[in-house]
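*Asks:* Quick one, fold the following:
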Amino acid sequence: MTTKSDAPLERVIVKKVIDKLNKLKKVRAIKVHGGGFGSGGQPDVTGCIMIDGIGWRFDLEGKRPGQKPTERQKKEMERWGACGSIVGVFTCWEDVVEIFRRRGVYLEERAEREGGDA
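*Replies:* Purely as a prediction, here's the structure:
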């Protein structure tokens, strides 16, 4: 069992997920910076995935194992989800795969892209 002290930092978890998403064909993901320079409560990761010729937005909140999103973060994800965005909270890559699977998108079927093209 992973304890809080030996669990990866949130920023490490988020970076790994962004890196994996950006290796997939027709996917683009970026880190959203909160705090003083950003809009508070926004999910950590935003991006777009091409599905049947249509771009679908996604907004994902990264957390360390055992941590939960704040009420403000939950509210922002609800707002994005109400507009059609794929939303969810993840602590690892497998969580992200499941978030997309619940919307009928199977990330494991997407080949990794070559070079820098989406």
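
*Asks:* all contacts plus neighbour counts: C-alpha atoms, from now on.
*Replies:* Fine.

*Asks:* Tell me who's in contact with the residue lying closest to Cys92 once chain neighbours are set aside.
*Replies:* Excluding the flanking residues, the one nearest Cys92 by Cα to Cα, 6 or more residues apart in numbering is Ile13, at 6.5 Å. Going by Cα atoms under 8 Å, 6 or more residues apart in numbering, Ile13 touches 62-64, 91-92.

*Asks:* Please determine how far Ile13 is located from Lys20.
*Replies:* Here Ile13 is placed at a distance of 11 Å from Lys20 (Cα to Cα, to the nearest Å).

*Asks:* now the helices for the chain?
*Replies:* Remark: helices assigned in the chain by DSSP state H are 10-22, 71-82, 93-101.

*Asks:* can you redo those as TSV with mean pLDDT?
*Replies:* Converted to TSV, the helices of the chain look like this (pLDDT from 0 to 100):
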stretch	mean pLDDT
helix 10-22	97
helix 71-82	96
helix 93-101	97
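
*Asks:* So which of these is nearest Val45?
*Replies:* In terms of Cα to Cα, the element of the helices of the chain nearest to Val45 is helix 10-22, at 7.3 Å.
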